[in-house]
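Colleague: no sequence for this one, just the structure:
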DNA sequence: GTGACCACCTGGCCGC
DNA sequence: TGCGGCCAGGTGGTCA
């Protein structure tokens, strides 16, 4: 599933391929994914517009036009592909952007969880889904005091707090498991019971894990692949996630899988004691 | 304000 | 083989 590193990979791939292209037409086959506009409003907004740049914040992809932005969240299985206009539509292609040069950008999403929001560029950080997000772990604002202040109000499991995008944005189920393993924190530990060292480790390893994953193009597991067949290599570096019943690389103990607030969670009961 | 739960959605897997 | 049920998961909405 696309988390921050995967979205960064998609952004970089698309940026090189579609920046400067003009949208001639748009076909929408699943309009429910557009959250703040009708199908016709969506078409009118972007037809005739040129993609000036592509950006990313957290897990959101941002297509920038002159004064308008299209904010795309890939959720579980959203992907983009660039194809020639004459190729037939595949089953899960829900939106097709036709460019004036004869190519198309196709949004493919098996589970139809992905979303689109339209907003003015000046409002991206004040009045859009992005405005509700916390900081990305590598931003300078993420300090011990910032995270401690956020977590001390929370009695829920730290796993759930780290998945809360209003505290830190960009971490998803895979990377939270990795960060907690490296930090030697049990995923069910109450957020407000963490030590100073725990919080410092979460910041340190969030940065470390995300930076490494970005360098490797993200993680390609289950049904998720990046756009244009670009696949990440971080799945080969996973220390804990998806390793149920395998031996912990640190202590050899068999890795457990539990549910934390409904999320599948991998941990080592020896390295990550409560 | 906080936390728990549910809906969204479909393919894959498992047991019968 | 075919069917039904469960699971996966990010986010937003609802309710206590």
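Modeller: Happy to help now that I have it. None of the values given here were measured: they were computed from a predicted structure.
Colleague: state the pLDDT value of the nearest residue to residue A:263 once chain neighbours are set aside.
Modeller: Distances taken as CB to CB, 6 or more residues apart in numbering place residue A:173 nearest to residue A:263, at 5.7 Å, with adjacent residues excluded. Every C-beta, even on glycine, is put in place using the N, C-alpha and C of the backbone. Looking at residue A:173, its pLDDT is 90.
Colleague: could you do residue A:227 as well?
Modeller: For residue A:227, the predicted pLDDT is 58.
Colleague: what about the residue nearest to residue A:263, distance to DNA strand B?
Modeller: Note on residue A:173: its distance to DNA strand B, by CB to the nearest atom of the strand, to the nearest Å, is 13 Å.
Colleague: and residue A:269, by the same measure?
Modeller: 21 Å.
Colleague: my guess is that residue contacts residue A:253, does it?
Modeller: Yes: if you go by CB atoms under 8 Å, residue A:269 and residue A:253 touch, sitting 6.4 Å apart.
Colleague: in this structure the residue nearest to residue A:263 contacts residue A:262, no?
Modeller: No: counting by CB under 8 Å, residue A:173 does not reach residue A:262; the two are 10.7 Å apart.
Colleague: how about low-confidence regions in the stretch 101-250 of chain A?
Modeller: A:221-231 (pLDDT under 70).
Colleague: do a quick rundown of the helices in the stretch 1-150 of chain A.
Modeller: A:4-18, A:39-46, A:144-151 (DSSP state H, counting those that start in this stretch).
Colleague: just to revisit the earlier point, residue A:173 and residue A:262: who's more crowded?
Modeller: residue A:173 (17 against 7; other CB atoms under 10 Å).
Colleague: what sits against the nearest residue to residue A:259 once chain neighbours are set aside?
Modeller: In space, and not counting its chain neighbours, residue A:259 is closest to residue A:265: 6.7 Å by CB to CB, 6+ apart. Counting by CB atoms under 8 Å, 6 or more residues apart in numbering, residue A:265 makes contact with A:159, A:173, A:177, A:187, A:257-259.
Colleague: double-check that residue A:265 belongs to a strand.
Modeller: Yes: residue state for residue A:265 (DSSP: H, G, I helix; E, B strand; the rest coil) corresponds to a strand.
Colleague: pairing partners for it in the sheet, please.
Modeller: Counting by DSSP bridges, residue A:265 forms beta bridges with residue A:258.
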